[in-house]
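S.K.: Generate coordinates for the sequence data below:
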Amino acid sequence: METEKQITQISVEDLTAILKGHQYFRVRYFAQKHNDYIERIGLVDDKMRLWEDSKEEICFTYFDLKQNGYRTAKNIDYIQTASLRKEALN
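M.R.: Numbers count the residues shown, from 1 in each chain. As a prediction, this is how the structure comes out:
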């Protein structure tokens, strides 16, 4: 029996509050620079933020553990809390 994935929409404020209750998260977004979807593991910190740009698009600034620096994602497919395992960074 196949189960359907439930898609949940949530406010920026509520998602930020949920993420701040965890240490790590996984984000998947479409990167126009690479013309492909990218999935990254990020660290929850005080500089992390979800915001809306002048075109009313949701943006997510986060610390990327693999790239060891801050990135901003747009065209976000999903953000979910995550536990960190060493192999996740490879």
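S.K.: Quick check, central residue of this structure?
M.R.: residue 27 (2.9 Å; CA atoms, centre = their mean).
S.K.: Correct me if wrong, but that one is in a helix.
M.R.: No: Residue 27 is assigned strand when assessed by DSSP: H, G, I helix; E, B strand; the rest coil, not a helix.
S.K.: Quick check: it touching residue 42?
M.R.: Yes: taking CB atoms under 8 Å as the definition, residue 27 is a contact partner of residue 42 at 5.9 Å. Where C-beta positions appear, they are placed from N, C-alpha and C, glycine not excepted.
S.K.: Pull up the overlap in contacts between the two.
M.R.: Residues touching both residue 27 and residue 42 (CB atoms under 8 Å, 6 or more residues apart in numbering): residue 62.
S.K.: Report the contact partners of the residue nearest to the centre of the chain.
M.R.: Going by CB under 8 Å, 6+ apart, the list of residues near residue 27 reads 39, 40, 42, 60, 62, 73, 76, 78, 79.
S.K.: Repeat the analysis, applying 10 Å as the threshold.
M.R.: The neighbourhood of residue 27, defined by CB atoms under 10 Å, 6 or more residues apart in numbering, consists of 19, 38-42, 60, 62, 64, 71, 73, 76-80, 82.
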